[in-house]
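Chemist: my questions concern the predicted model and sequence given below.
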Number of protein chains: 2
Amino acid sequence: MPTSRPKRSYHHGDLRRALVDAAWQLVRDGGLQALSLREVARVVGVSHAAPYHHFPTRGALLDALAEQAFTGLEHAQRVALGDLTDGPQMLYAIGRAYIDFAREHPEQVLVMFRARAEDEGASPASLIEIGERAFAQLFDVVSTCQQQGAAPQGDTHELALAQWSLVHGFAKLWVEGPLTVMPSYANSFERLRDALLHGVREGWSAQARQTGAGVRSEN
Amino acid sequence: MPTSRPKRSYHHGDLRRALVDAAWQLVRDGGLQALSLREVARVVGVSHAAPYHHFPTRGALLDALAEQAFTGLEHAQRVALGDLTDGPQMLYAIGRAYIDFAREHPEQVLVMFRARAEDEGASPASLIEIGERAFAQLFDVVSTCQQQGAAPQGDTHELALAQWSLVHGFAKLWVEGPLTVMPSYANSFERLRDALLHGVREGWSAQARQTGAGVRSEN
DNA sequence: CTCCAATCTTGTCGATGTCTAGATGCTGCG
DNA sequence: CGCAGCATCTAGACATCGACAAGATTGGAG
């Protein structure tokens, strides 16, 4: 669907947004390969060189998409956390938000982590920064868990990275296909996701109860 | 492996292998984008259409690469396991093999999990099968851990998938870039890897000691 | 109202994936 | 030994793509 803007003759008026919208549609339908600047221009109804006045290269358009996607992920995580205060609950919520985001918007995951897979060009600083911001949310949750005695007392960076790896790996395995073609796993998304997330909670609290003295979570 | 076949005239003699080798080199140097059938042909020294007599499409060449890569991963995991019999040691060994394989051969990881990222075409059955074989090694290790009381007694599929997700996620985060650009993590590969793997071992055994009665690992 | 700069178009170049037709030479059969 | 079939390789062509250059158009600052 084109934008609701009335079609102007020569100057589009909101071409940049229209290009981004069309680009998402293309990636959604046919993957990264299906995204070409010329096709985007064709969908929007402008000439094949028009996009170059808004994105100097194809990679720049993809970077813009990635920035949108990271923003969306951060928002999804913030919504999922809501006003929770219990560490394990927050950990489950943010992990589930990450995984569900990936399942519901696989094309956004494709775009977010395309870094070395496609271009070898370095990502712009703004993109790196917003990615780190999304991860910082997880870091804070893990830190909260530690403070509440629901996680081992080790290096928070290591713990947070472990949780990120777990959740990211599951999401990627699902999005990229391997899990969807293995009969043992294909039709059990919710069950596997919750087993994963609850496993972490129990593993961490079991460790915390053994090694750590001090505060306890009420779980 | 008889590779040296000096037939240079019209029929190459071992063109398929030469194409695959050249393809690896290209992906190693410039990522998936740098792999073009024409460039491969150019490197090998044949005409631009010659590869089509061995790979019906670009994706077919990538599938062949992926098959090689999965075989290599399976081999690396088998070597790492060696004749270990202690569950936790096996779990560490196979996880470390996976992660190190990804770090040492990032281009192979790119090719292995390119599924939906590039082509939307379904992977051939042979590729799926060999991927499952590599995962089956992990499944067996997890099962061994359970039998030795070094892991919770739940569904082995869920546990194995959790371990796969963890290790795969870490490997992907490293290979795809996010970790290498975050200053908190960039220069600590071995430390983070071992923290990750030991964390699983301790989490699982802590859970097993609490919930499970029965066998114990000597760790 | 004028004029400039941003925006958009047309035209072009080199590169790529894939198809078709034709050239070449290995190999098995007489 | 010779020859014919067939897999292999080459040459050419077409559509598409990213990217650049030069010209057309227009909104808005002065």
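Modeler: All right, it came through fine. Residues are numbered from 1 along each chain as shown, chains lettered A, B, ... in the order given.
Chemist: which residues touch the most centrally placed residue in chain A?
Modeler: The residue lying closest to the centre of chain A (Cα atoms, centre = their mean) is A:Leu73, at 4.8 Å. Taking Cβ atoms under 8 Å, 6 or more residues apart in numbering or on different chains as the criterion, A:Leu73 is in contact with A:98, A:101, A:108, A:112, A:134. In this view, the C-beta of every residue, glycine as well, is placed from N, C-alpha and C.
Chemist: low pLDDT regions in chain A?
Modeler: A:1-11, A:115-122, A:212-219 (pLDDT under 70).
Chemist: not counting sequence-adjacent ones, nearest residue to whatever residue of it ends up closest to chain B?
Modeler: Among all residues of chain A, A:Gly169 sits closest to chain B, at 2.6 Å; criterion: Cβ to the nearest Cβ. Nearest non-adjacent residue to A:Gly169, counting by Cβ to Cβ, 6 or more residues apart in numbering or on different chains: B:Gly169, 2.6 Å away.
Chemist: so how far is B:His48 from that neighbour?
Modeler: B:Gly169 is 39 Å from B:His48, where distance means Cβ to Cβ, to the nearest Å.
Chemist: have a look at these two and say which one is more surrounded.
Modeler: B:Gly169 (24 against 13; other Cβ atoms under 10 Å in any protein chain shown).
Chemist: residue contacts, that one?
Modeler: Contacts of B:Gly169 (Cβ under 8 Å, 6+ apart): A:164-170, A:172.
Chemist: if we use 10 Å, what do you get?
Modeler: A:161-173, B:196 (Cβ atoms under 10 Å, 6 or more residues apart in numbering or on different chains).
Chemist: give me every residue in chain A lying close to DNA strand C.
Modeler: Within chain A, the residues that sit near DNA strand C (Cβ under 7 Å from any atom of the strand) are A:10-13, A:15, A:41, A:46-50, A:52-54.
Chemist: if you set the cut-off to 6 Å instead, what comes out?
Modeler: A:10-12, A:15, A:46-50, A:53 (Cβ under 6 Å from any atom of the strand).
Chemist: ok so, going back, flag every buried residue along the one helix or strand the residue nearest to the centre of chain A maps to.
Modeler: Using DSSP states H and E, the element containing A:Leu73 is helix A:58-81. Neighbour counts over helix A:58-81 (16 or more other Cβ atoms under 10 Å in any protein chain shown) mark A:58-70, A:73-74, A:76-77, A:80-81 as buried.
Chemist: return the backbone torsion pair for A:Ser184.
Modeler: Main-chain dihedrals, A:Ser184, degrees, to the nearest 10: phi -70, psi -20.
Chemist: show me where chain A has its helices.
Modeler: For chain A, the helices defined by DSSP state H occupy A:15-30, A:37-44, A:58-81, A:87-104, A:106-112, A:125-147, A:156-176, A:178-181, A:189-211.
Chemist: out of those helices, which is closest to B:Ile130?
Modeler: Nearest to B:Ile130, of all those, is helix A:178-181, at 11.8 Å by Cβ to Cβ.
Chemist: tabulate the CA atom coordinates of the closest one in CSV.
Modeler: Extracted C-alpha coordinates of helix A:178-181, given in CSV (Å, rounded to 0.1, in the frame of the first residue of the first chain):
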residue,chain,number,x,y,z
PRO,A,178,17.2,-25.5,11.3
LEU,A,179,14.6,-26.0,13.9
THR,A,180,11.7,-25.7,11.5
VAL,A,181,12.9,-28.6,9.5
